[in-house]
Structures are given as structure tokens and as C-alpha cells.
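**Q** Below are the sequence and a predicted model for it; my questions follow.
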Amino acid sequence: MSTIAENEWPRQITVLGVGLLGGSVALSLKRARPKIRIHGLARNAAKGKYLMDNGLVDFSTGTVGEACQNSDVVVVASPVDRIAELVVSAAEHSPDHCLITDVGSTKQQIVAGVGSDSGVSRKFVPAHPIAGSEKSGPEHATSSLFDGKRVVLTPAENTPPEQLQKAHAFWQLTGGQTCEMTPSEHDTHLAAISHMPHLVAALVAKITPTEALPLAGSGWRDITRVAAGDPTLWAAICSENREAIENELKKTADELERLRQLMRDANDADLHRWLAEAKEIKIHSA
């Protein structure tokens, strides 16, 4: 990047998987670099036409090789269980200087799936923008999705410094605030702050009696909002981060049993203390 003027890079990016996240990457880059050219991978012509007609991409194709040709950056925005194979394919078909990054909310399995091949690892900087919605699809993409949001980069020990610098610069162009973690740290933290809570939200929705639903208010809707997420995407996430999520579910079960005991004992003072502790954590997270 040091040989390219700051306001000229990237000239062209490719998005493999133009849904909510991939489409938002495209729109945020269009906002930051109006002259940038964006290639998109679309497996059918109708979706490709939609993406071009709605200004998400300038060029759509059904092949990875054609999509990645001459791009400065490739963003893999597929479901997590397909990211590794697409990264390997993108590395094969992209220029030597190309940065490859992703949006996956798990990291260890992706890094392991990509492997240690130098032709791939020197291009790939794994990333996870902590942004999204229970909605999916390019029709929900927005140029502001990443504004002020944390983007976690999980470089390997052999990641070239210049490539890591590019990754920081790229994600900051989307409006994101970048930081670095190891893949293991990332997956442990995301199991606690995202993956387990999603399952708990789904659990609350699942156990709600049908006859009680007409009484659902904003509290129930807030707690269960993310349960409306795509089950296929979330099943893949859970599969990729199974061990860390299981650990968090065990902690959840233990705390739930503690709460049940407080209720059985009619221990209102300790229950009040329990609720106050939870409130403090919530307030200080804002």
C-alpha cells in the first residue's frame, strides 16, 4: 500500500457473498471511495442483476476466478462453514498484492481450514465486524452498518506487517474501529457475548406458550429479537465454535440453577442483589 496514494486504494474490491454484511461492505466502500469498482459473486443471473440494478456492485459474475481478477481486496462474506474454501480459491485467482479478509463470527476453524500455505496465509487477514441484524439479504444492506463498530482482526504469527496494515486501513474505510486478538481469544469472547446469548434468545422464544403470545410486549420482543436470525447461518456458527459455546451454556445452566434456588428458598434479599448485579453490568456496558 505504501506505493499507492492513500486516496487511490483500494481501486477495486470483490465481495464473495453479497448479503447483509457483504452488501454493507460494498455500500460503505462506495461512500468512502465513490470511484471504487466493486465486483460481486452471484450464483444466479437474477441476483446479479438485482445487485447491479441497486448499486451494490458494478460487475457480477458466477465464478470466483472472474470475480477476483485484478482486485486489491477480496472480502469473503459467506456463511462461516464456507469461508475457508472461498479464501483458498480467492488466493489462487487474485493478484499477488491482494488483501483477502472475511466477516466470519468464528475464527479458529476458519484459520485451521485455510491452513499454512504461504500463498494463502500471506494474503489473508481474518476479520470479524461486530455488526449485523436479525435480518439478512442484500436488500437490508446499508452504508452505515459498520460506523463506530468494533472490527476484530485475528492475524497469524506469519501475517506480513504490510498486509495487516492494509486490513486495518480497509476496515477503517468502512467506518469500523479495528482491534486485534488471537483466533482463540476471539472465539472465546464471542461465545460469551454473541453466540450463547443468541441461543438463549431462541430458547426464550421456543418455550413461550402459544396462548401467551398475544400478551407479548416490548420486553419479550427485545429479548427474542435475534431469534429471528437465519437458522442455517446460526447452526453453522454453533458448529464452528461448538466447544466455547458449550462452556458458556454450562455457565448459563449453573447460573440458572442458582436463580431457581433463590426462587425456591423465597430469598428475596439475595434475589434483589442478583438483579442489581445484572443491572450494574448492563449499565456499565452502555
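**A** It's in.

**Q** going forward, measure contacts and count neighbours with C-alpha atoms only.
**A** OK.

**Q** does residue 113 really touch residue 87, like I thought?
**A** No - Residue 113 is beyond contact range of residue 87, at 9.4 Å (criterion: Cα atoms under 8 Å).

**Q** Give me the more crowded residue out of those two.
**A** Taking neighbours as other Cα atoms under 10 Å, residue 113 and residue 87 compare with residue 87 leading, 26 against 16.

**Q** Break down the stretch 101-250 of the chain into its strands, ranges please.
**A** Secondary structure of the stretch 101-250 of the chain (DSSP state E, counting those that start in this stretch): strands at 127-129, 150-153, 177-180.

**Q** Give me the number of neighbouring residues for residue 60.
**A** Close neighbours of residue 60, defined as other Cα under 10 Å, add up to 25.

**Q** quick one, what contacts it?
**A** 39, 40, 41, 42, 48, 49, 51, 52, 67 (Cα atoms under 8 Å, 6 or more residues apart in numbering).

**Q** what's next to stretch 248-258, contact-wise?
**A** With Cα under 8 Å, 6+ apart, stretch 248-258 has contacts from 191, 192, 196.

**Q** Next one: the spatially closest residue to the last one that is not a sequence neighbour from residue 184, what distance?
**A** This means residue 196. Leaving aside its chain neighbours, residue 196 sits nearest to residue 245 (5.9 Å; criterion: Cα to Cα, 6 or more residues apart in numbering). For residue 245, the distance to residue 184 equals 13 Å [Cα to Cα, to the nearest Å].

**Q** So which of those two has more stuff around it?
**A** Using other Cα under 10 Å, the more surrounded residue of residue 245 and residue 184 is residue 245, with 25 against 15.

**Q** pLDDT at the more buried one, what is it?
**A** We have a pLDDT of 98 for residue 245.

**Q** and the longest helix along the chain, how far out from the chain's middle?
**A** Counting by DSSP state H, the longest helix found in the chain is helix 242-264. Averaging C-alpha positions (Cα atoms, centre = their mean, to the nearest Å) puts helix 242-264 26 Å from its chain's average.

**Q** What residues sit buried inside it?
**A** Of all the residues in helix 242-264, those buried under the rule 16 or more other Cα atoms under 10 Å are 244, 245, 248, 249, 252, 259, 262.

**Q** Can you name the next helix or strand after that helix?
**A** Where DSSP states H and E defines the elements, the next helix or strand beyond helix 242-264 is helix 268-285.

**Q** Reformat the buried residues of helix 242-264 into CSV and put distance to residue 150 next to each item.
**A** Below are the buried residues of helix 242-264 laid out as CSV (distance: Cα to Cα, whole Å):
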residue, distance to residue 150
244, 21
245, 21
248, 22
249, 25
252, 25
259, 33
262, 37
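
**Q** Pick out the most distant pair among the contacts of residue 60.
**A** Pairwise distances across these (Cα to Cα) peak at 14.8 Å, for the pair 49 and 67.

**Q** Let's see which of the contacts of residue 60 end up in strands.
**A** 39, 40, 41 (DSSP state E).

**Q** Just give the closest residue to residue 30, not the sequence neighbours.
**A** Closest residue to residue 30 apart from its sequence neighbours, by Cα to Cα, 6+ apart: residue 36 at 6.3 Å.

**Q** For the one you found, give me its contacts.
**A** In this structure, residue 36 makes contact with 10, 11, 12, 13, 29, 30, judged by Cα under 8 Å, 6+ apart.
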